[in-house]
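*Asks:* Provided below for reference: sequence and predicted model.
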Amino acid sequence: MAKFFTILCLSLMTIGQAFAQSLKYRQAVQTKLKEYAKAEGLQAATWSFGLWDVQTGEVVATIRPNLLMTPASTLKAFTTAAMLDRYGPDYRYATKLVRYPDCIALVGCGDPSLGSEYQDVAGATIIKGWAQKVADANPSQEKPYLIADLDAFEQNLPDSYTWGDMGNYYGAGPRAINWEDNTTKLEFKIGQLGDLATLKSVSPKPYNEVDWRSSVTYAKPGSGDNAYVYGLSHDKVRVLNGTIPAGGKSGFVIKAAMPEPELVVLSQLQRALEDRQVKTEPNVYTTSVWSRSYKPVPVGAKPTKVLDTYLSPPLSELVAKTNQESLNLFADAFLLKLGMPKEATIQNSPATIKNGLDALTAFAGAMGVDKSHFFVQDGSGLSPANCITAQAFGTFLLAVTKRKWFRDFDASLAVAGRSGTMKDQCLGTAATGNLHVKTGSLTRVQNFVGYYTGKDKRTYAVVLMVNRYTITYGAMRRLSTKLLSDLTEITN
């Protein structure tokens, strides 16, 4: 009996010590949050915070966790996790080059990495391989047509994208066939302060002629890229305005959304075939244009031969690039993929943005997120109409730790002082190599969601969302990353 009483007393002492340590930690967190709240730039801002113990799921501290906030690119955390959940880390996109009796078709599967600078195989290498496969197949003496098969995916942008984003590289929407990040580089000549900038070159050149109407001028040296492009993928006119730096030793390059990427890749393939003395019909087509002008490929028709199946890197690698580099195109391509029927055929309706949004919302619900805390319009977070609460992120961050693919998801997050959008942040603090987050920024929006291990050896899920701050982007980033660094420094 005495032994039992001794054990009981020791157990109660241990529980009491743990509670005291926990209380001390919570108090220290609250102190840091009070300091943060007093900072310049937050007085007129809307901000929300949450900190949860991953081991127990308990709340350590929250501030306005049920406030709907603009998530910006932190939404990519949901999109990439949904992809891992549905397709698995080892999934690879398969783009097929197929032969029909009178045409060769590139069948789009929505692979966002095709020819991307964020994967190891360059676009030119892919084109060279495809051209050789066509040449080796010994096509008939009749010159085949080259067709981009886009039928499996809706070719559209989210309705709530802003006009100021859609013509720029970061607003280049996903296609059934994406090519070289759907990005065109516009090089301007060196110029003098105040002069009208002269466009020097466009690379790669669009397949159909585009009228680049520029009113871009030269601003002071070192002023950076403040030029913007307006227009949609199929528009024949693109409008450019804003400023680029004067001077320099070489021309200044800005990046625009690529006009009709599916036709650009076919035209590059066509030129590579010409180098191998393989003749094709002079024009290239998408399936929709082909079916209006010529006979359509029969529904469900089997190709004469599959010439090549190009596989993307594993999904885990694509997810890592998406989250660490915050790639809008990849995330919105994932959204379309989520909207694809599991047994997709040409007979089915194509994958759509709406179906993708429904699938993403269903995934959030499966993670335990309250549907009244989750309203999304795209997969990347570029739309300012997205609204998610800190509580929704916290619920999600705790739930995914229990999924078999969590290690791949966690590895995809930017690491403070090490990688991605956090590479130069929190240097020389306990957060370096420790804080794993998805960041998100829009005009007057800065958010961070992820994990860190405290000095108490416990793992915490953290969410910090700031909308409508009144200081500069750099000042706000320094303020928020200092808070996150301070949290990792707290001891019991």
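*Replies:* Perfect, thanks for sending it. Here the structure is a predicted model, which is why all the values come from computation and not from measurement. Numbers count the residues shown, from 1 in each chain.

*Asks:* quick one: low-confidence ranges for this protein?
*Replies:* The model of the chain has pLDDT under 70 over residues 1-21, 139-141, 289-303, 342-349, 492.

*Asks:* which residue ranges form the helices in it?
*Replies:* Chain-ordered helices for the chain, with DSSP state H as the definition, fall at 2-37, 75-87, 123-136, 163-166, 261-275, 287-293, 315-325, 328-338, 353-366, 390-400, 406-412, 473-489.

*Asks:* Could you look over the ones you listed and pick the most buried one?
*Replies:* When those are scored by mean count of other CB atoms under 10 Å, the highest mean neighbour count falls to helix 328-338 (a mean of 28). Any C-beta I mention is one placed from the backbone N, CA and C, and that applies to glycine too.

*Asks:* Just name whatever secondary elements it is in contact with.
*Replies:* helix 75-87, helix 315-325, helix 353-366 (3 or more CB pairs under 8 Å, 6 or more residues apart in numbering; DSSP states H and E).

*Asks:* let's go with 6 Å and repeat that
*Replies:* If you count contacts as 3 or more CB pairs under 6 Å, 6 or more residues apart in numbering; DSSP states H and E, helix 328-338 packs onto helix 75-87, helix 353-366.

*Asks:* Output these in JSON lines, with distance to residue 100 appended to each entry.
*Replies:* JSON lines is the format used below for the helices and strands packed on helix 328-338 (distance: least, CB to CB, whole Å):
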{"stretch": "helix 75-87", "distance to residue 100": "29"}
{"stretch": "helix 353-366", "distance to residue 100": "28"}
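
*Asks:* okay, the helices of the chain in TSV with distance to residue 44 next?
*Replies:* Conversion of these to TSV gives the following (distance: least, CB to CB, whole Å):
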stretch	distance to residue 44
helix 2-37	12
helix 75-87	24
helix 123-136	46
helix 163-166	24
helix 261-275	42
helix 287-293	49
helix 315-325	31
helix 328-338	28
helix 353-366	30
helix 390-400	19
helix 406-412	34
helix 473-489	13
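
*Asks:* Stretch 407-419: end-to-end distance?
*Replies:* This stretch, stretch 407-419, spans 17 Å end to end (CA to CA, to the nearest Å).

*Asks:* cool, and stretch 62-73?
*Replies:* By CA to CA, one end of stretch 62-73 lies 21 Å from the other end.

*Asks:* do stretch 450-461 as well
*Replies:* End-to-end distance (CA to CA), stretch 450-461: 6 Å.

*Asks:* got a list of contacts for that stretch?
*Replies:* Defining contact as CB atoms under 6 Å, 6 or more residues apart in numbering, one finds that stretch 450-461 is touched by 51-52, 54, 394, 397-398, 413, 434-437, 488, 491-492.

*Asks:* any idea which of these is closest to residue 79?
*Replies:* residue 413 (13.5 Å; CB to CB).

*Asks:* Isn't the closest one up against residue 439?
*Replies:* No. Using CB atoms under 6 Å, residue 413 is not in contact with residue 439; the gap is 9.2 Å.

*Asks:* Skipping adjacent residues, who's closest to residue 168 in space?
*Replies:* Spatial nearest neighbour of residue 168, chain neighbours left out: residue 229 (5.3 Å); criterion: CB to CB, 6 or more residues apart in numbering.

*Asks:* The one you found: what's it in contact with?
*Replies:* Contacts of residue 229 (CB under 6 Å, 6+ apart): 167-168, 238, 240, 256.

*Asks:* Contacts for stretch 116-131, please.
*Replies:* Looking at what lies outside stretch 116-131 - CB under 6 Å, 6+ apart - the contacts are 97, 113, 115, 180-181, 268-269, 272-273, 276, 308, 313, 321.
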